[in-house]
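J.: Here is my input; please provide its structure:
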Amino acid sequence: MSPDSPATRSSEASLSHAPEETLGPAAFRAIAEFTYDWESWVDASGRLVWVNAAVERITGYSPTECLEMETYPLPLIHPEDRPRLEEVCRRAERGESENHIEFRTLSKDGKSRWAAISYQPLVDSHGRRTGYRSSVRDIEERKQMEARLREALAAAEEANLSKTRFLASISHELRTPLQSIMSHAELLFRAGLPAELRDYAEAVTREGEHLARLVGDLLDYSALEAGGLTVLPRSFSPAEEFRPRLTSLARKAKDKGLDFHFELGDPHARVESDPDRCLQILTNLVSNAIQYTAEGRIEVIVRVDSDLTVVVSDTGPGLPPGIELFQPFRRGHPDAQTGGFGLGLAISARLCERLGGSLTAQSNAEGGTTMVASFPIGAPSQQVGRARRAPGEPALVVIVDDTGSSRAALTHAAEALGHQVRKASTLKEALAIEEQRSPDLILLDLNMPGPDVTEKALALRQRFGSGPRLLVMSAGGIGADQAALKEAGVDSFVQKPISLETLTRLISASEDAGYRRSSRPAPGTSAPSAAETWDLERWAELESFKDPEGRSLGQRISARLDEDVAALSKRLRRAATESEIRGYQDALHELRGLVGLLGASFALDSVRRLEQLAETRGERHAGEAVELLETMQRGFLERFPLH
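T.: Numbering: from 1, shown residues only. Now for the predicted structure:
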């Protein structure tokens, strides 16, 4: 802009309104000549004293028009953003400063553009505030670019979601027939066939396992990328959990001519983590070592101290320099003729991160590779124990699956392992199963028709109690609400196809002392004893704490239990009758707290089910909640009488 331009002359003329100490015309000319942003100067009274020509480029209004405006700059601002700019002006007049406040301008022709304003106070040589200066930058192009990026990101996310859905769908379609193929091939392999037919069965089993691994890797990686892979911690023994798998892997190593050695440490050590994911990491690391080791030795060491650590060492070729080992679809040795997608180590590394740990790799000086997976462990949960199944005693397995071939394959597999099986194709059939003993393991298919899987799990827990281990099977991803499933009593998830080895491990895990016998008596039997329905450790705590008068904490609770139960019963009935859903839920929450206080472990599953039904059918179950509360009261008062 020329120093003699109309904008400059109008700017200089406006200086007569400015204090003597403000900068002179030469300074304004310099700004007008060299700045590209829309610049304004306002005096201490809040009146515009100068604005540069950039305002016309951005808004269509000339500097002269701006100087004549009584409410500058509001006419140049989009109506929706004017309140924000009014507040900006007030803060500027108070002597505050701020940078990059985004807003929309409104040009003379009615169009809007995105801009960002920054402002700071002006002071004279004596430090007195003489007004403020603002600078507005046109950011319309940047905002348009951001919008295009958001659209591109949304399209990419949608494409990624479509990929995830596709993988889940195709894996389901592949895994369901694989369950039948692999189970029957394994049974044929065990059936004493002639050598030639045995080789055929072995080949089918081997290739089926390979296909199942490929499908599993694709689905797990897709779930990890989407942040949806299931992690369900529970108490388990690493030695018991890992030994069957390592024994099986040792056979594969021996078939390849490799020396295989493993150490599992303290057989009694227990940890709190996700046993299925830990086993998946172990299997990936050891399988990778077997795959790339042509000759020599593989060693596996499992340690339990402050962390759970798995160390896998091999005498293979080591790691090439610069290899991106934990990146997906990358192999440790790109030229090696090995199968798979190159996802095993990428999945293992991400699983370690999900468990709060890490996976590292290093090449040994004498050749070979050492992989170390380490992740923190919580203290194992202390639950009321149940008697373990006697060694050699068959387990009772309930299989609930609407797919006939899958149901038959699992039934034959469990029976081949020497266990008893009850099968059902619908929830109604499963709930009608009558046995003189509680099941040890329930396998529930995720995608059966009828009520959703959470309601099915709640119904099975209500029918069979807390004793059986309840697992949800899926041929695809676990798309259901995992937290809700866990609240409903689901212990873990298992992917189809389920091999004989996996089934053996699942049935063995059902013996874990962390699970309780059902508090529901079998038909024709007497009611369960206190040891089976109440938390005796909690009762021991209540008995051990005495007041100065010698009363136990349990007796002190009994002294006010009648009053508490009456008040809570009244709240439950009133909230349900008046359809006060939130009040009813709060009362159920208080009931759950009372379960823990009294040690009424038998009631926990029922309370969970009532909470699940609260939003839609609360008034129909209030009576059941009150009855449960009164049952707890009677049992507790029998144990801790007032006198």
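
J.: Show me what counts as buried in the longest strand belonging to the chain.
T.: For the chain, the longest strand by residue count, based on DSSP state E, is strand 112-123. If you call a residue buried by 16 or more other CB atoms under 10 Å, then strand 112-123 has these buried ones: S112, R113, W114, A115, A116, I117, S118, Y119, P121, L122. Where C-beta positions appear, they are placed from N, C-alpha and C, glycine not excepted.

J.: out of those, which one sits closest to M145?
T.: Nearest to M145 among the buried residues of strand 112-123, counting by CB to CB, is W114 at 11.0 Å.

J.: what about that closest one, distance to D81?
T.: Here the criterion is CB to CB, to the nearest Å. By it, W114 lies 10 Å from D81.

J.: Need the residues touching each of those two.
T.: Common neighbours of W114 and D81 (criterion: CB atoms under 8 Å, 6 or more residues apart in numbering): F103, R104.

J.: what sits up against stretch 69-82?
T.: Contacts for stretch 69-82 (CB under 8 Å, 6+ apart): 40, 48, 51, 55, 59, 61, 66, 85-86, 89, 103-107, 112.

J.: residue ranges for the strands of the stretch 401-550 of the chain, please.
T.: Remark: strands assigned in the stretch 401-550 of the chain by DSSP state E, counting those that start in this stretch are 420-424, 441-445, 469-474, 492-495.

J.: The stretch 1-150 of the chain now?
T.: Using DSSP E, counting those that start in this stretch, strands in the stretch 1-150 of the chain cover 38-43, 48-51, 98-106, 112-123, 129-138.

J.: Just say which of these is most tucked in.
T.: Ranked by mean neighbour count under mean count of other CB atoms under 10 Å, the strands of the stretch 1-150 of the chain are led by strand 48-51, which reaches a mean of 26.

J.: That strand pairs with which strands, and in what direction?
T.: Each strand that pairs with strand 48-51, with its direction, by DSSP bridges: strand 38-43 (antiparallel).

J.: for the partner strand, the distance to its chain's centre please.
T.: 52 Å (CA atoms, centre = their mean, to the nearest Å).

J.: pLDDT of it, averaged?
T.: Average pLDDT, strand 38-43: 92.

J.: Quick one: closest of the strands of the stretch 1-150 of the chain to F602.
T.: It is, among these and with distance given as CB to CB, strand 98-106, at 59.8 Å.

J.: can you give me the strands for the stretch 201-350 of the chain?
T.: Ranges of strands in the stretch 201-350 of the chain, per DSSP E, counting those that start in this stretch, are 234-236, 259-263, 271-273, 297-304, 307-314.

J.: so the last one versus strand 297-304, what angle?
T.: Right, strand 307-314. 180 degrees (axes from the mean of the first three to the mean of the last three CA atoms, to 10 degrees).

J.: With distance to A195 added, can I get the strands of the stretch 1-150 of the chain in JSON lines?
T.: Output for those, formatted as JSON lines (distance: least, CB to CB, whole Å):
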{"stretch": "strand 38-43", "distance to A195": "89"}
{"stretch": "strand 48-51", "distance to A195": "97"}
{"stretch": "strand 98-106", "distance to A195": "78"}
{"stretch": "strand 112-123", "distance to A195": "78"}
{"stretch": "strand 129-138", "distance to A195": "82"}
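
J.: Out of the ones you listed, flag the one nearest W534.
T.: Across the strands of the stretch 1-150 of the chain, the minimum distance to W534, taken as CB to CB, is reached by strand 98-106, at 62.4 Å.

J.: quick check, distance from the lengthiest helix in the chain to the centre of its chain.
T.: Identified as the longest helix of the chain according to DSSP state H is helix 140-189. Computed by CA atoms, centre = their mean, the chain-centroid distance of helix 140-189 equals 18 Å.

J.: Equivalent analysis for stretch 55-75, please.
T.: 54 Å.

J.: Check stretch 432-442 too.
T.: Using CA atoms, centre = their mean, the offset of stretch 432-442 from its chain centre is 32 Å.

J.: Return the set of buried residues in it.
T.: I433, S438, P439, D440, L441, I442.

J.: if you average pLDDT over it, what comes out?
T.: Stretch 432-442 comes out with an average pLDDT of 81.
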